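Engineer: dropping the sequence and predicted coords here.
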Amino acid sequence: MANAYGFFTPSVPILRRKIQPSIGIFRSGFSFSEGLFRRVVCSSGIKGAEKHVSPSESRVPKLVSKGCKLVGCGSAVPTLSVSNDDLAKIVDTSDEWISVRTGIRNRRIISGKESLKNLAVEAARKALEMADFDPNDLDLILMCTSTPEDMFGAAPQVQRELGCRKTPLAYDITAACSGFVLGLVSAACHIRGGGFQNVLVIGADGVSRFVDWTDRGTCILFGDAAGAVLVQACDAEEDGLLSFDLHSDGEGGRHLGAPMNDNKTNDMLGSNGSVLDFPPERSSYSCVQMNGKEVFRFAVRCVPQSIESALEKAGLVAASIDWLLLHQANQRIIDAVATRLEFPQEKVISNLENYGNTSAASIPLALDEAVRSGKVKSGHTIATAGFGAGVTWGSAVIRWG
């Protein structure tokens, strides 16, 4: 199925076509005519809600005049820092070999009594403190992670640690390195279509626990971290999520994943003498498996197209964007995407050198550092994109503050 887009066939729209003024929602993003009062629906393919629908019919969502904005951010990383020189002591590699191919020099690894849950809680508290916000007023917590410490998810445990006495809804989103972008879009839909007011979006992953530390092709890439953003309801004119574009294609999953190990079962004889695959052995997941060349091809082809699609839906061009913030996977990918979109390097946010690929945490971690350093200021517009296992990829055009 290889084609001009990569190793699978993504459903990416034709770009740079003339934008027609309209009100409504496209397949994967909001689009509004300039100067008009903005009304949105959180559903795909709906241009309006002119048809009368009874309360029992819920296929057509109610139009609402509400936006959402990003008002606080925070991040947390483990104490243990592992350098390229440290890795050279356990695998056949060197600082030069790693940094030239990836741009990474250090990564943070969960160790000792540290946990992913505690990193997520720390990042969340920092985001709430920046926004001067009481956790008891949260309506929803979205925990974007593919590596929870409990098979059934981590969000409710984060909710408990934050001390949310009103027991707001909390659930996990599993979309690997695209998780945080999906979390932002999900938060917007809950606010715009569900009446939620305050949504905490957390991106946190501990991929180091699923890495083969004898495989220099993957162990050099990953680190652990958590990042969080508070998303609040606002008037439509203040909307901070200008557009988005989301995709997934399982055809590419064979190139990046951590599938369950094919464990043997205990053989038992059935009543007719046949062998039963029962009871099953305790299951476990394999280490991260990645075809680096195919992932690179996928990212540098599909990510620029997704960002251009999101920009088009927002009625913007790349030159009008203040910052480009990509999932921090590999510096070569970041540079290639920026070049294709004609973003100057001084407008590209990157902290990959210090933390490696932290999966769903990479975007909010980099955003938090950029905000706290004064680089990203209130009112700045950011084009952001996540991409990774599944495979999934998506982009969003956001306004900070």
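Structural biologist: Happy to help now that I have it. Numbering: from 1, shown residues only.

Engineer: flag the shaky bits of this protein, pLDDT-wise.
Structural biologist: Low-confidence segments of the chain (pLDDT under 70): 1-64, 263-277.

Engineer: if you set the cut-off to 80 instead, what comes out?
Structural biologist: Applying pLDDT under 80 to the chain flags residues 1-65, 257-286.

Engineer: mind naming the longest helix for it?
Structural biologist: Longest helix of the chain, by residue count under DSSP state H: helix 292-314.

Engineer: what's that one packed up against?
Structural biologist: Identification of packing neighbours for helix 292-314 by 3 or more CB pairs under 8 Å, 6 or more residues apart in numbering; DSSP states H and E yields strand 29-32, strand 241-248, helix 331-341, strand 381-388, strand 392-399. For every residue, glycine as well, the C-beta is placed using N, CA and C.

Engineer: right, and the helix or strand after that helix?
Structural biologist: Sequence order places strand 323-326 as the next helix or strand after helix 292-314, per DSSP states H and E.

Engineer: which elements pack onto that following strand?
Structural biologist: So strand 323-326, by 3+ CB pairs under 8 Å, 6+ apart, packs with helix 331-341, strand 348-349, helix 362-372, strand 381-388.

Engineer: contact partners of the second one?
Structural biologist: Here strand 348-349 makes contact (CB atoms under 8 Å, 6 or more residues apart in numbering) with W323, L324, L325, L326, I334, A338, A366, L367, A370, K375, V376, I382.

Engineer: mind putting these into JSON lines with neighbour count?
Structural biologist: Below are the contacts of strand 348-349 laid out as JSON lines (neighbours: other CB atoms under 10 Å):
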{"residue": "W323", "neighbour count": "21"}
{"residue": "L324", "neighbour count": "22"}
{"residue": "L325", "neighbour count": "25"}
{"residue": "L326", "neighbour count": "28"}
{"residue": "I334", "neighbour count": "25"}
{"residue": "A338", "neighbour count": "19"}
{"residue": "A366", "neighbour count": "26"}
{"residue": "L367", "neighbour count": "29"}
{"residue": "A370", "neighbour count": "21"}
{"residue": "K375", "neighbour count": "13"}
{"residue": "V376", "neighbour count": "23"}
{"residue": "I382", "neighbour count": "23"}
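
Engineer: quick one on the thing from earlier: quick one: closest of the helices and strands packed on strand 323-326 to E96.
Structural biologist: In terms of CB to CB, the element of these nearest to E96 is helix 331-341, at 14.1 Å.

Engineer: got the CA coordinates for the closest one in CSV?
Structural biologist: What follows is helix 331-341, C-alpha atoms only, in CSV (Å, rounded to 0.1, in the frame of the first residue of the first chain):
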residue,chain,number,x,y,z
GLN,A,331,15.4,16.4,15.6
ARG,A,332,15.7,15.3,12.0
ILE,A,333,11.9,14.9,11.8
ILE,A,334,11.4,18.3,13.5
ASP,A,335,13.8,20.0,11.0
ALA,A,336,12.3,18.2,8.0
VAL,A,337,8.7,19.2,8.9
ALA,A,338,9.7,22.8,9.6
THR,A,339,11.5,23.0,6.2
ARG,A,340,8.5,21.6,4.3
LEU,A,341,6.2,24.2,6.0
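
Engineer: packing partners of that helix?
Structural biologist: Using 3+ CB pairs under 8 Å, 6+ apart: helix 331-341 touches helix 95-102, helix 292-314, strand 323-326, helix 352-355.

Engineer: list the buried residues of that helix.
Structural biologist: Using 16 or more other CB atoms under 10 Å as the test for burial, helix 331-341 gives Q331, I333, I334, D335, A336, V337, A338, R340, L341.

Engineer: now, which of those sits nearest K293?
Structural biologist: Nearest to K293 out of the buried residues of helix 331-341 is I333 (CB to CB; 11.9 Å).

Engineer: my guess is the closest one contacts R301, does it?
Structural biologist: No - assessed by CB atoms under 8 Å, I333 is found out of contact with R301, at 10.8 Å.

Engineer: intersection of neighbour lists for these two?
Structural biologist: Joint contacts of I333 and R301 (CB under 8 Å, 6+ apart) do not exist.
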